[in-house]
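Undergrad: sequence and computational prediction follow.
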Amino acid sequence: MKIGIDLRSLENGAQNRGIGRFATRLIENLSKIDDRNQYVFFTSSRRAKLPVFDLLEGFQSSPAHGKASIARNIKYIRIAFIGPKPLSIDRFKLDVFLHLDSFQPIKYKKTPVVSILYDLIPFLDNYKDIYQYVHLASNNIGHRIGHRRAKQRWKQMETSVHDYEKAARVISISEHSKRDLIKFIPTISADKIITIPLAADITISQSVTADDKIKKLGLKNFLFYIGGADPRKGLVALVKDMENVWASHPDTMLVLAGKEITDPKVPEAVRLKEAIEASKRPQQVMRFGFVSNDELAWLYKNALAFVFPSSYEGFGLPVLEAMQAGCPVIAYDNSSIPEVAGDAALLVKDGEPISPAINKLISSHALRNNMINKGLQQAQKFTWGKTARAVLKVLEEAAK
């Protein structure tokens, strides 16, 4: 069987983020279980660099690419184009095509397509105003062009969501995302949407130590968060709620990590910084930007708890990472989080303050140890091997 995989979302340094991490772990684990099928890895053009994977010997793969568009690579001309050029896949005579990113357009009539669904957050009623609002900074020509293109881009993205209806199969990373898609597109067949969860791959060794950057901060008795800095993550509310934690546990620190956390171009990161400065103990709230895998492992291993105050997740991978690393989890009982956490996390009713759960965990060593053990057991249910086998099964079924 000839299986195509769309890797355009991994270009321009994106292999270690989001979809790139998922694709990398999936492909590397497919190489461990499948030496029968032939895989074709697609990039946008001949000039695009093919991602590097750690593949087992015997795994059959070859590169392919879309047709280059000279105009799209010329400055001042490319602004006329709203999105990436569609990839025509029928000419490659594939048995099935794995479409990793619905916002990377494809053209086809005959090839069976399996599309991955992560979430529909920007299109849900509660979040449309946040994610689809496009601010016009001024009336100068550059801003007006940018404003117009951004609005058109959103329309194109909303149209692309309906491509799930055309796909032979849809793989959803959670049951909650599946339900959202059925609600968003009532005419889609629920039978062709298969839920296959993600996995985590945090490596924690007994010898993991803090690097010089972390040592200088003298972190101890700290709560940890890693992720984005958009409004649904609830970080401003978390900082305000820390006042209730400090009332009972005054030496507790809060460490917030993630690329967006310290980015002054991200509006919510600016509001977060202001909330920290306005708090009673700003010196006890640390903001990290990007952290390496080793730093992440150390932070998970040494945190009192991983606190995840998000109001919506398509899956909630940090929750799974924390449990796998032996870090107790406190989160809200919304969206897909209960699917991932099971009974192995302290889940707070959506919308209520999270500080009572934090204080409860800090005050009880027995509870904390119990949550660590439950988390380790829950994390064992999610492996990349299971994910790869389930994806391969769907690909084979769609190709028939």
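TA: Perfect, thanks for sending it. Numbering: from 1, shown residues only.

Undergrad: who does the host helix or strand of residue 30 touch, helix- and strand-wise?
TA: Secondary-structure assignment from DSSP states H and E places residue 30 in helix 19-33. In terms of contacts (3 or more CB pairs under 8 Å, 6 or more residues apart in numbering; DSSP states H and E), helix 19-33 is packed against helix 384-399. In this view, the C-beta of every residue, glycine as well, is placed from N, C-alpha and C.

Undergrad: what residues does the helix it packs on touch?
TA: 1, 3, 25-26, 28-30, 32-34, 95-96, 98, 112-114, 168-169, 171, 194, 196-199, 201 (CB atoms under 8 Å, 6 or more residues apart in numbering).

Undergrad: give me the PyMOL select line for those residues, limited to the buried ones.
TA: The PyMOL command for the buried members of the contacts of helix 384-399 (criterion: 16 or more other CB atoms under 10 Å) is given here:
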select buried, resi 3+25+26+28+29+30+34+95+96+98+112+113+114+168+169+171+194+196+197+198+199+201
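
Undergrad: gap between residue 269 and residue 22?
TA: 25 Å (CB to CB, to the nearest Å).

Undergrad: now residue 64
TA: 20 Å.

Undergrad: more neighbours: these two, which one.
TA: residue 22 (22 against 18; other CB atoms under 10 Å).

Undergrad: nearest residue to that one other than its sequence neighbours?
TA: residue 198 (6.5 Å; CB to CB, 6 or more residues apart in numbering).

Undergrad: mind listing what the one you found touches?
TA: 22, 173, 315, 317, 320, 382, 387.

Undergrad: correct me if wrong, but the fifth one is in a helix.
TA: It stands for residue 320. Yes. Judged by DSSP: H, G, I helix; E, B strand; the rest coil, residue 320 forms part of a helix.

Undergrad: hmm, it is touching residue 199, no?
TA: Yes. Using CB atoms under 8 Å, residue 320 is in contact with residue 199, at 7.3 Å.

Undergrad: find the residues that touch each one of those two.
TA: In contact with both residue 320 and residue 199: residue 382, using CB under 8 Å, 6+ apart.

Undergrad: could you list the buried residues of the helix or strand hosting residue 277?
TA: For residue 277, the host element (DSSP H and E) is helix 267-278. Buried residues in helix 267-278, counting neighbours by 16+ other CB under 10 Å, are found at 268, 269, 272, 273, 275, 276.

Undergrad: and the gap between residue 170 and residue 108?
TA: Counting by CB to CB - residue 170 and residue 108 are separated by 15 Å.

Undergrad: now do residue 49
TA: 25 Å.

Undergrad: in the stretch 51-200 of the chain, which spans are strands?
TA: For the stretch 51-200 of the chain, applying DSSP state E, counting those that start in this stretch gives strands covering 60-65, 87-88, 96-99, 106-107, 113-117, 169-172, 193-195.

Undergrad: right, and those strands - which one's nearest residue 400?
TA: strand 96-99 (9.2 Å; CB to CB).

Undergrad: show me the shaky parts of the stretch 51-200 of the chain.
TA: Scanning the stretch 51-200 of the chain for pLDDT under 70 picks out 68-83, 128-153.

Undergrad: and if you look at the stretch 201-350 of the chain?
TA: Looking at the stretch 201-350 of the chain by pLDDT under 70, you get 203-213, 215-216.

Undergrad: for it, which segments count as helices?
TA: 212-217, 235-248, 267-278, 293-302, 317-324, 337-341 (DSSP state H, counting those that start in this stretch).

Undergrad: so what secondary structure elements neighbour the shortest one?
TA: Put plainly, it is helix 337-341. helix 317-324, strand 329-332, strand 346-348.

Undergrad: understood, closing this out.
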